[in-house]
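> Sharing a sequence plus its predicted fold:
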Amino acid sequence: MPAEQSHAEIVAALTSRWPEHRPAPSLGRIRALTELLGDPQRAFPVIHLTGTNGKGSTAAMIESLLRADGLRTGRFTSPHVSSVTERIAIDGQPISDERFDDVWREIEPYVALVDDRQIDRVSLTFFEIITAMAYAAFADAPVDVAVVEVGLGGAWDATNVADADVAVITPIDLDHTHLLGRTITEIAREKAGIIKPGAHAILAGQTVEAAQVLLARCAEVGALPQREGVDFGVIDRQLAVAGQLLRLSGADGPVDDIFLPLYGAHQAANAAQALAATEAFLGLKALHPDVVREGFAQVRSPGRLELVRRSPAVVLDAAHNPHGARAAAAAIMEAFAFTPLIGVVAVMADKDARGVLEVFEEVMNQVVITQVASTSRGLPAEKLGELAEEIFGASRVTVVPRLDDAIERAVALAEADVVGSAGVLISGSVIAISEARALLVREEPVVVPAAGEDLDDDWDPDYSENGYQSDQDWR
């Protein structure tokens, strides 16, 4: 009898599988697998999230509110934090390595059956398998509700085998246009696919093009839309120590004195959407104000305007597209008001680097251009530096290829400020933030993207927990 695989070997085998985006869009493989497993995704109600930015933070807020109300939760997210097990959380805690391995061994024979069928001539992908594992783990727990974040898009995402009671659509913008569509309308149509018949649709503020598509989908399937600024929203917000104080509209009227330990108007909007989604799930029943306050006070979102060092201050933000960069730029100027602000920027080669730099040029006095080390998909520092010089001007740009050296250079520039109000913002890529946290944050896990992760969050198919693979087969 062959020796039982270790946890590391299981993870290595799963993350070496073909990425989900490679074949033609299809739910055939994941449906075949979940049917063999007895459709575990139907054993509990689901709150499903998609959008271009804000999914992860909003999912964390929804889960925290549900737990504060006494419900047992499952949460499926990507990218994961240091270990793949953290994608599958029950009651706010990642499942153990042992439980992860047990779930894999339980479904492995069924995975082999689906692989043998070669649906669309492709074996099950990493993301499809991890999705099925999450649904199986939630059914076994069992959970009262699962908060599920899409991997890519919506309609064809593996998570969409579940029929959600509540669909949450965070702001939609242009990103992954080569996969989701070249226009807001096309991207919105793909993301609208998670809105199911009879569901509640919690819609963040959208462009006219996106709103038209989402509302048309609601009308088509008989879903009940709730719109930011009409049915829910932020009534007031004020800066507070280590976060902000909010007044949000709830099902029974305003809820005051909500402390959210996150910065920025965008996070306040995420909070309003999270509250609306939670109350919609509860049958449009208002949460007690104390439950709301408790739930939001417990929210954490590493790598989102995260202060990781003082004197001089260093802040991390995983903005990787112009929409996210605009939110980060506005929030850091409001919450920190660094003068001057020194940037450290690394961007992936398939992202809108010009758009990101143009946003940051308005708030960064100096920028240190660098690149990620853990994948070949990063835009080389020299090329990004040439683009930055066009936008910032050569006198405001320094190119330092190694991230550790780039951070050191930015800190030195901030330390040279005689007034003492300078700060450093590291941004441009989720992977860059992962690497920066590894350098700067020792006491907490590091956010590390992995094969099959959320493509809307700067997914990198080169990465695995056991090393870096050649990317030639992924293209």
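The structure has been received and is ready for your questions. Residues are numbered from 1 along each chain as shown.

> Look up how far Asp97 lies from the residue nearest to the spatial centre of the chain.
Most central in the chain under CA atoms, centre = their mean is Gly56, positioned 3.8 Å from the mean C-alpha point. Distance of Gly56 to Asp97, computed by CB to CB, to the nearest Å: 23 Å. Quick note: C-beta positions are derived from backbone N, CA and C, even for glycine.

> Likewise for Thr73?
Distance from Thr73 to Asp97, counting by CB to CB: 21 Å.

> and what of Gly28?
According to CB to CB, Gly28 and Asp97 sit 31 Å apart.

> more neighbours, Thr73 and Asp97?
Neighbours were counted for Thr73 and for Asp97 using other CB atoms under 10 Å; Thr73 has more, 24 against 16.

> so what's that one bridging to?
Val145 (DSSP bridges).

> thought it was touching Leu65?
No: under the criterion of CB atoms under 8 Å, Thr73 makes no contact with Leu65, lying 9.6 Å away.

> buried residues in stretch 400-412?
For stretch 400-412, the neighbour count (16 or more other CB atoms under 10 Å) marks 400-401, 403, 406-407, 409-411 as buried.

> what's the answer for stretch 42-57, then?
43-44, 46-57.

> the strands in the stretch 301-450 of the chain, which residues?
Remark: strands assigned in the stretch 301-450 of the chain by DSSP state E, counting those that start in this stretch are 306-309, 313-316, 341-345, 366-369, 397-399, 423-427.

> Confirm that Ile107 sits in a strand.
No: the assignment for Ile107 is helix, going by DSSP: H, G, I helix; E, B strand; the rest coil, so no strand is present there.

> got a pLDDT number for it?
Confidence at Ile107, expressed as pLDDT, is 97.

> contacting residues around it?
Ile107 is in contact with 33, 37, 129, 132-133, 136, counting by CB atoms under 8 Å, 6 or more residues apart in numbering.

> Which segments of the protein make up each domain?
Split into domains by automatic domain parsing, the chain comes to 7-231, 306-446.

> who are the neighbours in contact with Pro289?
Each residue near Pro289 by CB under 8 Å, 6+ apart is listed here: 250, 255-256.

> any idea which of those residues is closest to Gly385?
Taking CB to CB as the measure, Gly385 sits nearest to Val255 out of the contacts of Pro289, at 47.3 Å.

> my read is the closest one is in a helix, agree?
No: going by three-state DSSP, the assignment for Val255 is strand, not a helix.

> State the number of residues packed around it.
By the measure other CB under 10 Å, the count of residues near Val255 is 23.

> Same check on the one 5 residues further on?
When neighbours are counted by other CB under 10 Å, Leu260 registers 24.

> what do you get for Gly264?
Gly264 has 25 neighbouring residues, counting by other CB under 10 Å.

> leaving aside the residues next to it on the chain, what's closest to it?
Closest residue to Gly264 apart from its sequence neighbours, by CB to CB, 6 or more residues apart in numbering: Ala331 at 2.9 Å.

> tell me the contacts of Leu246?
Taking CB under 8 Å, 6+ apart, we find Leu246 in contact with 234, 236-237, 258-260, 268, 271, 296.

> How much space separates it from Leu239?
Between Leu246 and Leu239 the computed distance is 11 Å (CB to CB).

> Please put the alpha-carbon coordinates of the strand or helix carrying the residue nearest to the centre of the chain into CSV.
Per DSSP states H and E: Gly56 is located in helix 55-68. What follows is helix 55-68, C-alpha atoms only, in CSV (Å, rounded to 0.1, in the frame of the first residue of the first chain):
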residue,chain,number,x,y,z
LYS,A,55,-15.1,41.7,-2.4
GLY,A,56,-12.6,40.5,0.3
SER,A,57,-13.2,43.3,2.8
THR,A,58,-17.0,43.1,2.3
ALA,A,59,-17.0,39.4,2.7
ALA,A,60,-15.1,39.7,6.0
MET,A,61,-17.6,42.3,7.2
ILE,A,62,-20.6,40.2,6.4
GLU,A,63,-19.1,37.1,8.1
SER,A,64,-18.2,39.2,11.2
LEU,A,65,-21.8,40.5,11.4
LEU,A,66,-23.3,37.1,11.0
ARG,A,67,-21.0,35.7,13.7
ALA,A,68,-21.9,38.5,16.0
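
> for that helix, packing partners?
Helices and strands touching helix 55-68, as assessed by 3 or more CB pairs under 8 Å, 6 or more residues apart in numbering; DSSP states H and E, comprise strand 46-50, strand 73-76, strand 145-149, helix 265-281, helix 289-297.

> Mind doing that once more with 10 Å?
In terms of contacts (3 or more CB pairs under 10 Å, 6 or more residues apart in numbering; DSSP states H and E), helix 55-68 is packed against strand 46-50, strand 73-76, strand 145-149, strand 166-169, helix 265-281, helix 289-297.
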